[in-house]
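Peer 1: got a structure for you, letters missing:
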């Protein structure tokens, strides 16, 4: 079986998020079943999520990186993850939350099933991404990875394969072994949960079972699959030594607790978590996230925010409810709603069906991002004097880029929905190749992008082209190739790139959109196309927002008009991958609308 890791990063991201969501769902259900206060329980879960991610990263540090932590109080960035460290961080975070909140109910037993289930889901992502891979095997169920995988490059550096091989040697599907083992642990924990008497014993049993599973599967892991795995001592790697050191006190604790179960089974005292303590913990967590925003990667930040915003919102709502009179709670939301409603009335575009309006819009815009490209080595053979080309895969590289530009548009609107726009953009940019072995010449990009857009209420289109020195993800490099030359497959220089965008549905209510290339009037190899849905929030002055799919990524776009004069625009797309498979782009722009004769576009009625 051969696994293609081209989309592995996206699968890993999906599995990573799904693991947290499933585990949180199991714990929330268990907490509700036990009658725990919802706000307090959610806050404890949030603390566990944040500290799991912190421990997941810290336990991948090498000796030199830890030296930086203790000598310079600096936390080096790392893309690696370690589940053992995540469990340690989770344990620490929940203990901290219990201490701050004075929460004296058993918490960890709710993790006993959630933890192995989450581990099983995350390991599916590891299997598809090719990380945490196993050692070579001749067993019939061994799996191979393509030439873009970490497995391939590790075996290449170890001399097990050479550049002529297109896939890695078959390896043990260690990730699959752990998936099966974690699901088995979840089943055993569920069947034996009523036999463990003191609170916390079920969680200790679950952790010990996972430690045993991880200890034995480490024998089948490749030494190059992680920062710890390759450091051997007496035949065991660092992970196995950590498991042995940590398991002994856990086992003794479990035995002692079960032996003194009568002491732990006494009736617990009533408790009440004060709002002040909940606010304090919320501030600590928020401060931690803000301070570590550059240390966390995009996937980790997204996971934290996915939990942080709902939990803080629920906490604020509950505090508001507890300090407001039941019959008058609607007053404050009503006042805020009316205030924003009047603001929206002011920014609406109040033209009659027969009224015509012309204005010019000018602005500046910038874009930064990176895209992935595959490098191959050209081999030329001759048959009867005719050259035949073959390509050998070398690597994938990440190419950061930036662009900036100025644009001007002439607009002629009739009524609310009939709109004609004619404009263009001058752009300039550059790329920074991370692989210095590949030099395609100048990395400078520049050109002009004229376009015309026609929109009615139920249908709209935009057409144009980019002319200049650019790079396109369509086709292969043109020109005469030489033997041994390194080229970028799938990307080539372009002089002209056409574009087309279509929209179906009322733009002020909900609509579907599609465009190629997706970043026009920018000229960028990413994103190539875009398809999604959007809404105008009931406005006809250009305000709208949309989300959808772009290449192998997801995107969101927001255009906001301030008093019908200033137009702010933001676009973001990301495939949620890491390393040389990462593709993401962020564009921000600001435009100003004016008319030499009248300012009718600013009129409000």
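Peer 2: Perfect, I can see it now. Bear in mind the structure is a predicted one, so any value in this text is a computation, not a measurement.
Peer 1: Give me the phi and psi angles of residue 457.
Peer 2: Main-chain dihedrals, residue 457, degrees, to the nearest 10: phi -60, psi -40.
Peer 1: ditto for residue 255
Peer 2: phi -60, psi -40.
Peer 1: and it, how many neighbours does it have?
Peer 2: Residue 255 has 12 neighbouring residues, counting by other CB atoms under 10 Å. (Glycine included, C-beta is placed from N, CA and C.)
Peer 1: Quick one, grab the pLDDT at it.
Peer 2: Looking at residue 255, its pLDDT stands at 88.
Peer 1: same question, residue 353
Peer 2: For residue 353, the predicted pLDDT is 60.
Peer 1: wait, what's in contact with residue 426?
Peer 2: 405-407, 447-448 (CB atoms under 8 Å, 6 or more residues apart in numbering).
Peer 1: Could you dump the residues you listed into TSV and include neighbour count, secondary structure and distance to residue 464?
Peer 2: Formatted as TSV, those follow (neighbours: other CB atoms under 10 Å; DSSP: H, G, I helix; E, B strand; the rest coil; distance: CB to CB, whole Å):
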residue	neighbour count	secondary structure	distance to residue 464
405	24	strand	14
406	14	strand	16
407	19	strand	12
447	22	strand	12
448	15	strand	10
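Peer 1: For those, give me TSV that also has pLDDT and distance to residue 511.
Peer 2: TSV is the format used below for the contacts of residue 426 (pLDDT from 0 to 100; distance: CB to CB, whole Å):
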residue	pLDDT	distance to residue 511
405	87	26
406	90	28
407	90	23
447	87	29
448	90	29
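Peer 1: Tabulate the residues you listed (TSV), appending distance to residue 518.
Peer 2: TSV is the format used below for the contacts of residue 426 (distance: CB to CB, whole Å):
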residue	distance to residue 518
405	16
406	21
407	17
447	17
448	19
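Peer 1: of all the residues you listed, which comes closest to residue 390?
Peer 2: Ranked by distance to residue 390 (CB to CB), these are led by residue 447 at 33.7 Å.
Peer 1: Name the nearest residue to that closest one, ignoring sequence neighbours.
Peer 2: Nearest residue to residue 447, sequence neighbours excluded (CB to CB, 6 or more residues apart in numbering): residue 468, at 1.8 Å.
Peer 1: quick one: that neighbour from residue 520, how far?
Peer 2: Residue 468 sits 13 Å away from residue 520, going by CB to CB, to the nearest Å.
Peer 1: Below-threshold pLDDT in the stretch 151-300 of the chain: ranges please.
Peer 2: Scanning the stretch 151-300 of the chain with the threshold set as pLDDT under 70 gives 226-233, 261-272.
Peer 1: Next, the residue nearest to residue 447: secondary structure please.
Peer 2: Here residue 468 is strand, with the state taken from DSSP: H, G, I helix; E, B strand; the rest coil.
Peer 1: My guess is it contacts residue 450. True?
Peer 2: No. At 11.5 Å, residue 468 does not count as touching residue 450 under the criterion of CB atoms under 8 Å.
Peer 1: Of these two, give the one with the bigger neighbour count.
Peer 2: Neighbour totals were compared for residue 468 and residue 450, and residue 468 leads with 18 against 14 (other CB under 10 Å).
Peer 1: list the contacts for the most centrally placed residue in the chain?
Peer 2: In the chain, the centroid-proximal residue (CA atoms, centre = their mean) is residue 299; its distance is 3.5 Å. Contacts for residue 299 (CB under 8 Å, 6+ apart) come out as 13, 16-17, 576, 578.
Peer 1: And it, how far from residue 425?
Peer 2: Here residue 299 is placed at a distance of 32 Å from residue 425 (CB to CB).
Peer 1: Could you check how many residues crowd around residue 283?
Peer 2: Residue 283: 10 surrounding residues under other CB under 10 Å.
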